[in-house]
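give the three-dimensional model of this entry:
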Amino acid sequence: MKYNVELGFENSSFVQDSDLYCFSSDSVILANLAKIKKTDYVVDLGCGAGIISILVSLKRECKKILGVDIDERAIALFNENIKSNSLEEKTSSLLMDVKDVYKEIGNGKVDVVLSNPPYYLDSSLHGKDASAKIEDKGTIEDFISAAAKILKFDGDFYMVMKINRLVDVLVLLRQYKLEPKELTIISHNKNSEPGSFVIKAKRGGKPGLLTKNLYIENDDGTMTEECKKLYEGVRKQ
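Okay, the predicted model is just below:
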């Protein structure tokens, strides 16, 4: 069933479908942590219904953003969200397997790649959105390899992933000449174990990794000031 989620901007909302994967705070955090310039060509690999692309389009002055996904229903929803938020001028979709995206875009053409790929290896995971959560249609390596091909030299790759896949991601990034530069470890609060992370890697970058922690809630259950800033509906920062 379709329903609307308000995005905090005037006349802006996001259509989700309860029968498909619905976005989480991880996607919102990734979209807001990414550093994007006015002249940047941005690609969102495994975009789903497009929450990352839509937030970037609403909040940043990038040149253009392309969302790529293999799921026809997700791309249809993404197109609906592009139209309902009047973002057709710089935001578009591509129905394609990420492994083949370089054939459409070309090698070394993109400034920034964003990705919230499937989190889990376990094929026993079931449910209506299981295909968006497990690596049956695309592995972490597929997404990292695709990013490495389409990124320009010195281009940036941002990925959000569950913390138990951190070593896998770091090994693969270096394998594909994407040097890890910034690691943000995300925890519910200061007393909870980390749940996920956002990694920024640079194509052809020099070694040197900065790390920081991001807490979603304070001890009293209120949202932290840092997280509030990420969620603020400030258009075109």
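
downstream of the helix or strand of the chain with the lowest mean pLDDT, the next helix or strand is which one?
Lowest mean confidence among the helices and strands of the chain (mean pLDDT, DSSP states H and E): helix 130-133, at a mean of 46. Heading C-terminal from helix 130-133, the first helix or strand you meet, by DSSP states H and E, is helix 140-150.

what sits up against that next one?
Contacts of helix 140-150 with the rest of the structure, by Cβ atoms under 8 Å, 6 or more residues apart in numbering, involve 43, 45-46, 98-99, 101-102, 105-110, 113, 115, 117-118, 157, 159, 161, 165, 168-169, 172-173, 176-178, 203. Every residue, glycine included, has its C-beta placed from N, CA and C.

helix, strand or coil: sort out Lys152 for me.
Put simply, Lys152 is strand when judged by DSSP: H, G, I helix; E, B strand; the rest coil.

how about the nearest residue to it, chain neighbours excluded?
Taking Cβ to Cβ, 6 or more residues apart in numbering, and ignoring the residues beside it in sequence, Lys152 has Gly108 as its nearest neighbour in space, at 5.2 Å.

backbone phi and psi for that neighbour, please?
Dihedral pair for Gly108: phi 70, psi 40, per degrees, to the nearest 10.

tell me how many other residues surround it.
Neighbours of Gly108 under the rule other Cβ atoms under 10 Å: 14.

quick one: contacts for it?
149-153.

from Leu166, how far off is it?
Computed as Cβ to Cβ, to the nearest Å, the Gly108 to Leu166 distance reads 27 Å.

try Asp26
Taking Cβ to Cβ, one finds Asp26 at 14 Å from Leu166.

one more: Asp71?
26 Å.

do a quick rundown of the strands in the chain.
With DSSP state E as the criterion, the chain has strands at 2-6, 13-17, 41-45, 64-69, 91-95, 110-115, 151-162, 178-187, 194-203, 210-215.

which stretch among the ones you listed is buried most, on average?
Most buried of the strands of the chain, by mean neighbour count (mean count of other Cβ atoms under 10 Å): strand 41-45, with a mean of 27.

which residues touch the residue nearest to Ile29 when sequence neighbours are not counted?
Using Cβ to Cβ, 6+ apart and skipping the chain neighbours, the partner closest in space to Ile29 is Leu230 (5.8 Å). Listed by Cβ under 8 Å, 6+ apart, the contact set of Leu230 reads 28-29, 32-33.

most neighbours out of these, which is it?
Counting by other Cβ under 10 Å, top hit in these: Ile29 with 22 neighbours.

pLDDT at it, what is it?
Note on Ile29: pLDDT of 92.

pretty sure it is touching Gly195, no?
No: using Cβ atoms under 8 Å, Ile29 is not in contact with Gly195, being 11.1 Å away.

anything in contact with each of these two?
Common contacts of Ile29 and Gly195 (Cβ under 8 Å, 6+ apart): Ile186.

now Ser92, which residues is it bridged with?
Leu66 (DSSP bridges).

so it sits against Val68, correct?
No: counting by Cβ under 8 Å, Ser92 stays clear of Val68, with 10.0 Å between them.

related to what we said a few turns ago, what about the residue nearest to Lys152, distance to Ala147?
In terms of Cβ to Cβ, Gly108 sits 12 Å off from Ala147.

and His188, by the same measure?
Relative to Ala147, His188 is positioned 28 Å away (Cβ to Cβ).

who has more neighbours, the two?
Ala147 (29 against 13).

pull the contacting residues for Glu104.
Glu104 is in contact with 94, 96, counting by Cβ under 8 Å, 6+ apart.
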